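Colleague: The following block contains a protein sequence and its predicted model.
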Amino acid sequence: MGNTRGAAAFAVWYLRAVAFVNFLSAVWVSLGQDVRRHNQENLFTPYLLTAGFASGVFTAFLAVTMRRRKRAAWILNLGLSGTFLGLFALAMAFPEVRRHPQNWVSLALTAVFVAALLAGRREFYAKGDRSNPRLAAAVGAGGLLGTSLLAALLVTVTNRASAPSTFLERWRYGALRLVSVAADEYRVPGIAPPTWVDVAVNVLSTALVLAVLYAAFRSRRAVDPLTEDDEKRLRELLDRHGERDSLGYFALRREKSVCWSPTGKAAVAYRVLGGVSLASGDPIGDPEAWPGAIAPWLAEARAHGWIPAVMGASEEAGTVYARHGLDALELGDEALVEVAEFTLEGRAMRTVRQACNRVRRAGYTVRVRRHEDIPADEMASLLRRADDWRDGATERGFSMALGRLGDPRDGRCVMLECTDADGELRALLSFVPWGPHGLSLDLMRRDRDCDNGLMEFMVIELLRHAREERDGRAARITQVSLNFAVFRSVFERGARLGAGPVLRLWRSLLCFFSRWWQIESLYRANAKYRPIWEPRFLLFEKSADLPRIGVASARAEGFLEVPGLPRWLRRGRLETHR
């Protein structure tokens, strides 16, 4: 096993080294000239070692896909390097080629690379999507047509030649410049574009090669979403173990997939985005069965070349994930309020108390109902108002959002409806069940023209309502989970006397980015209730994967949106956000 891993690692590092030399030779003129001189006539360089930016990009892309253990990349490299090795060996039969020591070095390095590929073949197991070959062919054909037309247009617009030329000649010139350097030999008196046009066309060719490679090597984009049976079994697990994790109910988000333990006593809910298998919260079910669900989830991720990651795991779940080879990074804290311990008394709660009293005096009232107690016509009206109040066209939420509102199977969810003195609906809050005695915040929507402090008023009314039920011996709601505060400890410790320069700098950066994302404001909004802070963690396998995990998380949570249809064309059932 160690030998195969070492051979696979050598193949990856060979490609990285060759890519580095290719990039360096593209900017270092003398080095580039030396590489080209050693790769012509009776001389040849090792596999893929050429001078140029395009070749560097191509080799670097192969190195990335090989590091991710893509089987298709292994096949391509073996085919290309094996062909090169055969041609090199054939060329060594000629004395004028054999007498150059450089050629022996190139032959040896190429042979070692091929041997490493063969020895490490078992390490390249990641499957691609079955549609990749057809997609790559379509991207190649369509991209070549489009880029060649664009190249011909550039040549036409910038042509400085005085002699006439046909569009077909300019198109041919652009196409040849895309695929090779033959355009230098194919000169027409009527074609004389400036140098920057040739450079732009070469950049287009590099982009086209990358697009074809991405289409050929992309991971499987998704797996089957939750089935009816999966959802039924998850709800049964939540009935038995739902009180363990406030985020457990969000595993029922229907765009997620699920991996089950062999016993069916635990499951990991996840979603695949951008080659990242992104799980959220703790595994569902019996903690003793968590390893049985985590192992097949990791195995599936590795089989498809996905990067495994977990958002918002508790410390208990993070410890279990760490035993399976994942590292942990504290992501932030979840605000938990114990109903029995909460009070508005005291100087620390003065601001919240005054805001609530001001809103109450203005005539606002709050109605608390389970979803199952809301008539269908009223629920439809609430859905329309919530959609109208949505902040932007993008729905936000993944790890702490259900992604739907008004589904009959979510009848145990709790809705808070806030109306003004005229009886007009001005804000909505929706909570999902957290076991039999808890609620977790799912949806917050309000009219932008309503008074300040409305959300605080609604939360306080929910806690008051829960306390009255408790005092009435109904004992239904004992704890409430509010919003998640990213990097809360940085804001808290960075503002203290004696905080170090690194912590102060980190806090300043977060405050700066809070101008666009609600980072500091979420922390301060939750801190008003003096909650219990429950740390949540990000789990990952390799530090180098963190940028991709960050992009996938931002896409899942709705902070990054892939271009698509306009909102009015895709408006349907409400998708919620935190």
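Modeller: Perfect, I can see it now.
Colleague: residues of the longest strand along the chain that come out buried?
Modeller: Secondary structure assigned by DSSP state E gives strand 327-338 as the longest strand of the chain. Going by neighbour count (16 or more other C-beta atoms under 10 Å), the buried part of strand 327-338 is Ala328, Leu331, Gly332, Asp333, Glu334, Ala335, Leu336, Val337. For glycine as for every other residue, the C-beta is placed from the backbone atoms N, C-alpha and C.
Colleague: Next up, the contacts around the spatially closest residue to the second one that is not a sequence neighbour.
Modeller: Distances taken as C-beta to C-beta, 6 or more residues apart in numbering place Leu538 nearest to Leu331, at 4.5 Å, with adjacent residues excluded. If a contact means C-beta atoms under 8 Å, 6 or more residues apart in numbering, then Leu538 has Ala309, Val310, Met311, Gly312, Ala313, Ala328, Leu329, Glu330, Leu331, Ile549 as its contacts.
Colleague: again, only this time at 7 Å
Modeller: By C-beta atoms under 7 Å, 6 or more residues apart in numbering, the residues touching Leu538 are Val310, Met311, Leu329, Leu331.
Colleague: just Phe61 next, same as before
Modeller: With C-beta under 7 Å, 6+ apart, Phe61 has these contacts: Leu210, Leu213.
Colleague: Repeat the analysis, applying 6 Å as the threshold.
Modeller: Going by C-beta atoms under 6 Å, 6 or more residues apart in numbering, Phe61 touches Leu213.
Colleague: And Phe487, how far from Phe44?
Modeller: 53 Å (C-beta to C-beta, to the nearest Å).
Colleague: of the two, who's got more company?
Modeller: For the pair Phe487 and Phe44, the greater number of neighbours falls to Phe44 (22 against 19), based on other C-beta atoms under 10 Å.
Colleague: so what's that one closest to, chain neighbours aside?
Modeller: Ser106 (5.4 Å).
Colleague: Can you name the residues that contact Val339?
Modeller: Leu463, Ala466, Arg467, Thr478.
Colleague: Flag the shaky bits of the stretch 351-500 of the chain, pLDDT-wise.
Modeller: Within the stretch 351-500 of the chain, the stretches with pLDDT under 70 are 391-397, 469-475, 489-500.
Colleague: Show me where it has its strands.
Modeller: 365-370, 414-419, 425-433, 438-446, 479-486 (DSSP state E, counting those that start in this stretch).
Colleague: Now render these as TSV, adding distance to Leu117.
Modeller: Shown next, in TSV, are the strands of the stretch 351-500 of the chain (distance: least, C-beta to C-beta, whole Å):
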stretch	distance to Leu117
strand 365-370	61
strand 414-419	58
strand 425-433	50
strand 438-446	50
strand 479-486	43
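Colleague: How many residues are close by the residue nearest to Phe44?
Modeller: Neighbours around Ser106, by other C-beta under 10 Å: 22.
Colleague: contacting residues for it?
Modeller: By C-beta under 6 Å, 6+ apart, the neighbours of Ser106 are Phe44, Thr45, Pro46.
Colleague: Starting from Ala380, give me the distance back to it.
Modeller: Distance from Ser106 to Ala380, counting by C-beta to C-beta: 72 Å.
Colleague: Please apply the same query to Gly292.
Modeller: Distance, Gly292 to Ala380, by C-beta to C-beta: 42 Å.
Colleague: Tell me which of these two has more neighbours.
Modeller: Using other C-beta under 10 Å as the criterion, Gly292 and Ala380 rank with Gly292 on top: 21 against 11.
Colleague: Quick check: phi and psi at that one.
Modeller: phi -70, psi -20 (degrees, to the nearest 10).
Colleague: wouldn't it be in contact with Ser261 here?
Modeller: Yes. Between Gly292 and Ser261 there is a contact under C-beta atoms under 6 Å: 3.2 Å.
Colleague: Mind checking what secondary structure Val268 has?
Modeller: What DSSP: H, G, I helix; E, B strand; the rest coil gives for Val268 is strand.
Colleague: helix or strand for the closest residue to it other than its chain neighbours, which one?
Modeller: Using C-beta to C-beta, 6+ apart and skipping residues adjacent in sequence, the residue nearest Val268 is Trp297, 4.3 Å away. Following DSSP states H and E, the helix or strand that holds Trp297 is helix 290-303.
Colleague: Could you pull up the mean pLDDT of that helix?
Modeller: Helix 290-303 shows a mean pLDDT of 93.
Colleague: In the protein, which residue sits furthest out from the middle?
Modeller: No residue in the chain sits farther from the centre than Pro95, which is 55.2 Å out by C-alpha atoms, centre = their mean.
Colleague: Could you measure from that one over to Asn103?
Modeller: From Pro95 to Asn103 the distance is 12 Å (C-beta to C-beta).
Colleague: before we move on, the earlier item: now the longest strand of the chain: how far from the chain's centre is it?
Modeller: Its chain's average C-alpha position is 20 Å from that of strand 327-338, according to C-alpha atoms, centre = their mean, to the nearest Å.
Colleague: What is that strand packed up against?
Modeller: Under the contact definition 3 or more C-beta pairs under 6 Å, 6 or more residues apart in numbering; DSSP states H and E, strand 327-338 sits against strand 479-486, strand 532-540.
Colleague: what is the mean pLDDT for the last one?
Modeller: Averaged across strand 532-540, pLDDT comes to 91.
Colleague: Note down every partner strand of it and its orientation.
Modeller: strand 307-313 (antiparallel), strand 327-338 (antiparallel) (DSSP bridges).
Colleague: who touches the last one?
Modeller: Contacts of strand 327-338 from elsewhere in the structure, counted by C-beta under 6 Å, 6+ apart, are 318, 479-482, 484-488, 526, 529, 531-540.
Colleague: Please apply the same query to the shortest one.
Modeller: In this structure, residues lying in contact with strand 307-313 by C-beta under 6 Å, 6+ apart are 247, 276-282, 298, 301, 321, 399, 536-537, 539-541, 545, 548-549, 553.
Colleague: sec struct for Thr83, please.
Modeller: helix.
Colleague: That one: neighbour count?
Modeller: Per other C-beta under 10 Å, the neighbour tally for Thr83 reads 11.
Colleague: separation between it and Leu48?
Modeller: Thr83 is 12 Å from Leu48, by C-beta to C-beta.
Colleague: now Arg353, nearest residue through space, not along the chain?
Modeller: Per C-beta to C-beta, 6+ apart, closest to Arg353 is Leu344, 4.7 Å.
Colleague: residues contacting Arg448?
Modeller: Contacts for Arg448 (C-beta under 6 Å, 6+ apart) come out as none.
Colleague: Backbone dihedrals for it, both of them.
Modeller: Dihedral angles (degrees, to the nearest 10) for Arg448: phi -70, psi -20.
Colleague: What's opposite the residue nearest to Leu331 in the beta bridge?
Modeller: Leu538 forms beta bridges with Leu329, as assigned by DSSP bridges.
Colleague: doesn't Gly142 fall inside a helix?
Modeller: Yes. Assessed by three-state DSSP, Gly142 belongs to a helix.
Colleague: how close does it get to Phe58?
Modeller: 20 Å.
Colleague: likewise Ser205?
Modeller: 11 Å.
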